[in-house]
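Task: produce atomic coordinates for the following.
(chains A, B and C)
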Amino acid sequence: MVRAPFYDKNGVKKGAWSREEDECLTAYIQKNGHPNWRQLPKLSGLARCGKSCRLRWLNYLKPNLKHGNYTREEEVIIIKLHQQLENKWSVIAEKLPGRTDHEIKNYWHSYLKKCSNIIDNEYTISELNSKSNDTLEEIDSNKNSVTPQSPSSGDGKDFGNYILESSTLPKLAETSTEENYSPSSMNSSLMEEDNGAPWLGLEEFEGDFWNEPFVLDDTHTTNEISIDDIELMISDYYDGSYMFST
DNA sequence: AATGTACGCAACCGCGTCATA
DNA sequence: ATATGACGCGGTTGCGTACAT
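Here you go, the predicted model:
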């Protein structure tokens, strides 16, 4: 799924990271931190460029990162923030604990972009929050014409099996071999339990997310964030008075 | 069963911004 | 005030997987 490892003309390794490299990088950073990414490969003994090390650490090795299993709340937040902020992924990521701009960006391009077309700027965040079921059924019928697909199932076609077959953690547990290993397994003990099910299969998806008034569910997010918070954050962002913080 | 196609994940690349000398 | 280096962000690309034909 990822690029095969190779060495460039300068002897710098590119492509997929091995387990040994991940362990080396993790151990070094946990011991020494990362005051200088450019020097880090030399000091840690990795044949990578600093940029690559930084990317690997921030997006995959850093503790407490969540992978996959986006909650509905997270998805709606991403869609609505993107509607207002466009491609400011780092800003959006700050409001989703455990998510990285990189992952959100990928998720957007692979899946949410399609969902956002359904809402398509017709509803404000507050409107989404207060829609009656009748009105949301209208959105639902529009949604059916778009036929969104599963984001994490490899090919996006087995949507109905999303939770059963592509839920990230169980899958990683099964495939954490030398060849298919994922660093997420290394961090599993550090990751908070992910209760959130993005969709409960196709049938429940159709009758749940799109038919129920949007209510942020605190059980799925570590940072409490309300609809009002989002709108305030967006308006403050544009007038320069909002300081994004975690 | 073999081949083609679509898609997602993970990595790389280029450029803008910031800090420092 | 300017030059340089490092970092961070957003866009793009490559490859593996799964479904369709």
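
now chain A, which segments are flagged as low pLDDT?
By pLDDT under 70, the low-scoring segments of chain A are A:1-2, A:111-246.

Swap in 50 and give it another go.
Residue ranges of chain A with pLDDT under 50: A:121-122, A:125, A:128, A:131-180, A:182-224, A:240-246.

Can you give the domain ranges for chain A?
For chain A, automatic domain parsing gives the domain ranges A:6-61, A:72-239.

Report how far apart the opening and closing residues of the first one are.
For domain A:6-61, the first and last residues are 21 Å from each other (C-alpha to C-alpha, to the nearest Å).

hmm, that domain in reach of DNA strand C?
Yes: interface with DNA strand C: domain A:6-61 contributes A:34-38, A:50-51, A:54 (C-beta under 7 Å from any atom of the strand). Heads up, the C-betas are built off the backbone N, CA and C, glycines and all.

Please pick the buried ones from the residues you listed.
A:34, A:37, A:50, A:54 (16 or more other C-beta atoms under 10 Å).

Spatially, which two of the residues you listed are the most separated?
Checked with C-beta to C-beta, those reach their widest spread between A:H34 and A:G50, with 9.0 Å between them.

Could you name every residue contacting both of these two?
In terms of C-beta atoms under 8 Å, 6 or more residues apart in numbering, A:H34 and A:G50 are both contacted by the residues A:L40.

quick one: A:C53 and A:V12, what's the gap?
Counting by C-beta to C-beta, to the nearest Å, the separation of A:C53 from A:V12 is 11 Å.

These two: who's more crowded?
Between A:C53 and A:V12, counted using other C-beta atoms under 10 Å, A:C53 has the larger neighbour count: 24 against 14.

quick one, what contacts the more buried one?
A:25, A:34, A:37, A:40-41, A:44, A:46.

Who wins on neighbours among those residues?
Going by other C-beta under 10 Å, A:L25 tops the contacts of A:C53 with 26 neighbours.

Look up how far A:A93 lies from that residue.
Between A:L25 and A:A93 the distance is 21 Å, computed by C-beta to C-beta.

Same check on A:W37?
Distance check for A:W37 against A:A93: by C-beta to C-beta, it reads 19 Å.

swap in A:N36?
Noted for A:N36: a distance of 24 Å to A:A93, by C-beta to C-beta.

Likewise for A:L58?
10 Å.

With A:H67 instead?
Distance, A:H67 to A:A93, by C-beta to C-beta: 14 Å.

Show the contacting residues for A:L46.
Neighbouring residues of A:L46 by C-beta under 8 Å, 6+ apart: A:13, A:21, A:24-25, A:28, A:40, A:53.
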